[in-house]
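S.K.: Give me coordinates for this.
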Amino acid sequence: MVDEDSFKHIFAQFFPQGDATQYAHYVFNTIKHTHTGKINFEDFLAILSKVSRGSVQEKLQWIFGLYDQNGDGLVTKAEMLEVVSSIYDMLGRNTTPMVEETSAKDHVERIFHLIDTNQDGVVTIDELVEWCSRDEQILQSLETLDTVL
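M.R.: Just a heads-up that it's a prediction; the model follows:
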C-alpha cells in the first residue's frame, strides 16, 4: 500500500530536475483509492496497463480524468492550466527550451480554444476525442505512450 506522500516521493525519483509533487498528486487522484487514502499495487498496475496498453479511447479517458480534477465531466481552462503548469514544474528549469509559467499559460490558451469547438468555456470528453482524432501526430503519440497532452 502506498499513500500519496510516498507516491509523490517515488514519482519525484523519475524527475529529479524539477518538482513533480503537484503532477504526482493529480496522477495519484486518477487511481482508485481504498477508503484508507492509499493505493495498492493491483490498482497501480491496472492504471499503468490502461495507460500503456489500453486502447486510444481508454488512454484519452485517463488523460481527461487527469485534467478533470473535480470529476464533473468537464475540463475548465483553470483545471487545464493547473495540470499543464504542474507538468512544466515537473520538467524543471533545465529543459531546452526552458519552460516558464507564461509558456504554460500560452500553451493552454492555444490548445484550449482548439479543443473547445463549441466555445462554451469547457472541454468535454467528446471534444477531446474529436480533437485528438483529427491529428495523426497525437494519435501516433498516444499509440506509443509519448503523450503531448
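
S.K.: roughly how far apart are His113 and Asp89?
M.R.: Distance, His113 to Asp89, using CB to CB, to the nearest Å: 24 Å. C-beta: built from backbone N, CA, C; applies to glycine.

S.K.: Ok, Glu79 next?
M.R.: For Glu79, the distance to Asp89 - CB to CB - is 16 Å.

S.K.: where's Ser36, which helix or strand?
M.R.: Quick fix: residue 36 is Thr, not Ser. Assessed by DSSP states H and E, Thr36 sits outside every helix and strand.

S.K.: Give me the phi and psi for it.
M.R.: Main-chain torsions, Thr36, degrees, to the nearest 10: phi -90, psi -10.

S.K.: Please list all residues in contact with the closest residue in space to it that isn't next to it in sequence.
M.R.: Nearest residue to Thr36 in three dimensions, chain neighbours excluded: Met1, at 7.2 Å (CB to CB, 6 or more residues apart in numbering). Applying CB atoms under 8 Å, 6 or more residues apart in numbering, we find Met1 in contact with Thr34, Thr36, Lys38, Ile39, Asn40.

S.K.: want to throw these into JSON lines with neighbour count, distance to Ile125 and pLDDT?
M.R.: Compiled in JSON lines, those are given as follows (neighbours: other CB atoms under 10 Å; distance: CB to CB, whole Å; pLDDT from 0 to 100):
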{"residue": "Thr34", "neighbour count": "10", "distance to Ile125": "26", "pLDDT": "66"}
{"residue": "Thr36", "neighbour count": "9", "distance to Ile125": "29", "pLDDT": "80"}
{"residue": "Lys38", "neighbour count": "16", "distance to Ile125": "28", "pLDDT": "90"}
{"residue": "Ile39", "neighbour count": "21", "distance to Ile125": "23", "pLDDT": "90"}
{"residue": "Asn40", "neighbour count": "15", "distance to Ile125": "27", "pLDDT": "87"}
